[in-house]
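> below: sequence and its predicted model.
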Amino acid sequence: MKKIGLIFRETSENRIQDILKGSNNVFVVGYSGVKSPDMSSLRKKLRGCGSSLFVVKNCVARRALKSAGLIDVIKSIEGPCGLVFLKDEPVGPSKVLCDFSKEHEKLKLEGGIFEQKVLIKEDIEAMAKLPSKEVLRAQVVMTLISPISGLVITLNQVLAKFVYCIDQIRQKKTV
């Protein structure tokens, strides 16, 4: 019969591997000294932007990441760590993590991996400064619409001037 600690480690490792099958995007954070209620609020904020925080022993995290082929991330794991799994875009979670680390200095951004690229702390902070995906889409749409709307406004002004000129001629003839 297996010991409960071994069962827990195996379950944790399997859970991490299952999450990594859906997405290989992960940030590593050090949480040594962060209080439990603060960690709960961080989890809630991360859930709001489509991510999840998983606190696990280092040996379990290293084994799970190694079996998923994310060997480069293992270097970031030192001390008590948490793994932040990203579902799609990294901007929201990176903003949450950076804001939280400013409020709670004990939370450290260690690194991560996104789209097969190894990230360091500075990369995560740079992502936090980017606008969200929705804002970027709106900016692209506005850039594409801008010449067309300019043309419409110009044509509308030409038509308005023509109508104004015809109205002036009509007024002169009636006088």
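Sure, I can see it.
> which stretches of the protein aren't confidently modelled?
Applying pLDDT under 70 to the chain flags the ranges 175.
> burial count for Asn25?
23 (other C-beta atoms under 10 Å). Every residue, glycine included, has its C-beta placed from N, CA and C.
> now do the strands in the protein.
26-30, 51-56, 81-86, 108-114, 117-120 (DSSP state E).
> elements contacting the longest one?
Applying 3 or more C-beta pairs under 8 Å, 6 or more residues apart in numbering; DSSP states H and E, one finds that strand 108-114 makes contact with strand 26-30, strand 81-86, helix 91-103, strand 117-120, helix 121-128.
> for Glu89, which residues are in contact?
Contact analysis of Glu89 by C-beta atoms under 8 Å, 6 or more residues apart in numbering lists 50, 132-133.
> could you dump the residues you listed to a markdown table with distance to Asn58?
Below are the contacts of Glu89 laid out as a markdown table (distance: C-beta to C-beta, whole Å):
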| residue | distance to Asn58 |
| --- | --- |
| Gly50 | 26 |
| Ser132 | 32 |
| Lys133 | 32 |
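> among those, which are in helices?
Mapping these onto helices (DSSP state H) picks out Lys133.
> can you tell me which of the contacts of Glu89 lies closest to Gly111?
Proximity of the contacts of Glu89 to Gly111 (C-beta to C-beta) peaks at Gly50, which lies at 20.4 Å.
> where's that closest one relative to Lys95, distance?
Relative to Lys95, Gly50 is positioned 12 Å away (C-beta to C-beta, to the nearest Å).
> and what of Ile113?
Distance from Ile113 to Lys95, by C-beta to C-beta: 18 Å.
> out of the two, which sits in the busier spot?
Per other C-beta under 10 Å, whichever of Ile113 and Lys95 has more neighbours is Ile113, with 22 against 19.
> Ser32 versus the more buried one, what's the distance?
22 Å.
> which stretch among the helices and strands packed on strand 108-114 comes nearest Leu109?
Of these, nearest to Leu109 by C-beta to C-beta is helix 121-128, at 4.5 Å.
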